[in-house]
Every structure is written in structure tokens, then in C-alpha cells.
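>>> Build me a model:
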Amino acid sequence: MSKIASTILMIRPASFGYNAETAANNVFQNQLQTLSQTEIQKNAVKEFDEFIALLQKNGIDVIIAEDTALPQKPDAIFPNNWFCSLPDGTVAVFPMYAPNRRIERRQDLVEMLKENYKVKDVEDWSVYEAKNIFLEGTGSMLIDHDNKIIYACISPRTDKLLLEKFAEKHGYKAVLFHSKDENGVDVYHTNVIMHLGEDYVVICLESIQDETERKTVSHSLIDTNHEIIPITLKQVYAFAGNMLQVKNKNEERFTVLSKTAYESLTQQQKQTLEKHTKLLPVNINTIETIGGGSVRCMMAEIFLEKN
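Presented below is the predicted three-dimensional model:
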């Protein structure tokens, strides 16, 4: 049974906006001076609701949680950074780089998961924040549950030793590498340059400058029967690396990506992807531009068994 989520959790934003604290190492964020804060929030909710409607129309199960109005959390719409669930029944809570993102962690949502699903253990890794050590969930880690491998690029938000500790605790092998943009700056999250589907992978190999690391990553993907679909750095800036494959009740595979990402793909790339999966493009222009994250960041997969 392939481990692609058929249930995802998403958080409807209450105060979405530009986060200056995360902009320090997220080059994808942009301020939109033309819109007021009220308009930005209104647009974000509209995009969010249309996104949910598209998923539900295709039979994908979505848990919708409401963001709390206070304290204000401009990035609450991106829950995949503060928690993840694993097929072994673990819910893991993670240490976050930006202090104003740490308030996104919500015990009530963890309790909701415990009430509705078989949660064997809740692991709190957020204690590492006190030591300035970070690991931002499935932003930092691309987890291949079938082959028990975690892919990750090391950055200020993804600590090598903590990642190895997490992998070892769950019996996963860590495949670590360095990914840089055209200015030689570390890419802040693995999920902007790489998307792992069941039997394919979208990856910006040109961002992995070290030849040995690039070969290691490629060989690991080929050995686990993933067709490699390379994307360029230019496409990375259009969020083409930030996709997520999900399935519906009928086991149909869909790959969710933003309209921006979809439009950046070549005809050849689309055709290759469509051999493996059905593409579901969604318009989240405001969220993407201001938040610097795309569809993958908005969806936290639920791999837990229902109670």
C-alpha cells in the first residue's frame, strides 16, 4: 500500500500577511504595496476556499482548521512546518526558525488529531529552539515513507544533526545535501526545490552544486524507482518544486500545484508528469507572492489511522 495521504489538514488564515521575520532567508516573499492588509487577508481567504473546493470536488478529504485571530500569525496558513504525522502513529512537533512562527503550534489541533486518529506518540522537538537548532517539518524534509528515506537540504532552518536524530529515531535513512540559488545562498527549504511523488520526482538538480551530492541524490531516487523530472532555478522561483501528490477515496493520484508553477512547466514536463499523476493547478497568487510558500506548504498530510 503506497503511502500517499488521502487526508490533509489545512488552516484557514485569520491574519495572513507579509512576515518580515521569515523574509531574512526566504527570497520568495514579496510585499504587495498596492493592497491594504484587509484586501490581502480577503484575497487569501478567497484563494484558500477555492483551493479547498477544488480538492473536495476531486474527492480528497480535507480537515479545515480555523486560525485563531489572536495572537496574529501571518504564516498560519503553512502548517506543514510546525507538525507532521507519520504512518507509525507519531505526531511530531518541530522547532521553528522565526520566533513569530512558534506561536502557530497549537495544542488544540494535536488534541483534535488524538481524538479522531490512532496517535501512538506525540514528539516535541521544539525544545531545540532554545539552542537555536531548527527543523521545519516537511518544509525541511521530504519523506519517502515507502522506502524509509528522508531527503533534506541543509540550511539555517534545517539542522543536519537534528535531522539525522529524527531519521534514526524512526528508522529512516537521511540523504542530505546542499542546495544553493544562483547567488550561492542556501535554499531555505527542501520542498521548494524538490517534490517527491509515488514513482516520480520533480527536482532542481542544478541547485545541488556539489557533484558527489548530486549523484548521491540522483542514485537514491533512481534506485527507488522514481522517474527524475528536472526543473530549472527559474522554475523554482515559480514554485514548480512546491507540489504535493495526494489521492482520493478511489485511490486516484493527483498532484496539486499552483497555477504559477503549472504555467512555468514545459509541455514535455507536463506530459511526463501526466504519465504518473493527474495535475490539479490552483490559483493562490496572493498567498504565494506575499507568503513565499505555495500549495505544498499549505497542506499537512495526515498519515494516521482513524479511530
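
>>> Which neighbouring elements make contact with the helix or strand containing Phe166?
Following DSSP states H and E, one finds Phe166 within helix 160-169. Packing partners of helix 160-169 (3 or more C-beta pairs under 8 Å, 6 or more residues apart in numbering; DSSP states H and E): strand 149-153, strand 173-177. Heads up, the C-betas are built off the backbone N, CA and C, glycines and all.

>>> switch to 6 Å and redo it
strand 173-177 (3 or more C-beta pairs under 6 Å, 6 or more residues apart in numbering; DSSP states H and E).

>>> Where do the strands of the stretch 1-150 of the chain begin and end?
All strands of the stretch 1-150 of the chain, identified by DSSP state E, counting those that start in this stretch, fall at 7-12, 61-66, 83-85, 90-93, 121-124, 142-144, 149-153.

>>> ok, the last one: who's next to it in the sheet?
In the sheet, strand 149-153 lines up against strand 142-144 (antiparallel), strand 173-177 (parallel) (DSSP bridges).

>>> Also the first one?
With DSSP bridges as the test, strand 7-12 is paired with strand 61-66 (parallel), strand 300-301 (antiparallel).

>>> any idea how far Asn307 is from Gly59?
22 Å (C-beta to C-beta, to the nearest Å).

>>> Quick check on those two: which one has the bigger neighbour count.
Gly59 (13 against 9; other C-beta atoms under 10 Å).

>>> Which residue, neighbours along the chain excluded, lies closest to that one?
The shortest distance from Gly59 to any residue other than its chain neighbours is 3.4 Å, reached at Asn248 (C-beta to C-beta, 6 or more residues apart in numbering).

>>> Please apply the same query to Asn116.
Per C-beta to C-beta, 6+ apart, closest to Asn116 is Asn307, 5.9 Å.

>>> any idea of the pLDDT on that neighbour?
pLDDT, Asn307: 95.

>>> how far away is it from Thr216?
Counting by C-beta to C-beta, the gap from Asn307 to Thr216 is 40 Å.

>>> which SS state does Ser218 fall under?
helix (DSSP: H, G, I helix; E, B strand; the rest coil).

>>> residues contacting it?
By C-beta atoms under 6 Å, 6 or more residues apart in numbering, no residues touch Ser218.

>>> Sketch out the low-pLDDT regions of this protein for me.
1-2, 19-29, 32-33 (pLDDT under 70).

>>> Tell me where the stretch 201-307 of the chain has helices.
211-223, 233-237, 259-264, 267-276, 285-291, 295-298 (DSSP state H, counting those that start in this stretch).

>>> For the third one, output the C-alpha coordinates as PDB.
Extracted C-alpha coordinates of helix 259-264, given in PDB (Å, rounded to 0.1, in the frame of the first residue of the first chain):
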ATOM      1  CA  LYS A 259      -1.200  27.900 -11.400                       C
ATOM      2  CA  THR A 260       2.100  29.800 -11.400                       C
ATOM      3  CA  ALA A 261       4.000  26.500 -11.200                       C
ATOM      4  CA  TYR A 262       1.800  24.900 -13.800                       C
ATOM      5  CA  GLU A 263       2.400  27.700 -16.300                       C
ATOM      6  CA  SER A 264       6.100  27.600 -15.700                       C
END
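
>>> Go ahead and measure how far it is from the middle of the chain.
17 Å (C-alpha atoms, centre = their mean, to the nearest Å).

>>> Show residues contacting it.
Gln235, Ala238, Phe239, Ala240, Pro281, Asn283.

>>> Spatially, what comes nearest to Leu244 if we skip its sequence neighbours?
That would be Arg296: by C-beta to C-beta, 6+ apart, it lies 4.5 Å from Leu244.

>>> Kindly provide the distance from the one you found to Val282.
Where Val282 is concerned, Arg296 sits at a distance of 11 Å (C-beta to C-beta).

>>> Over to His226?
His226 is 24 Å from Val282, by C-beta to C-beta.
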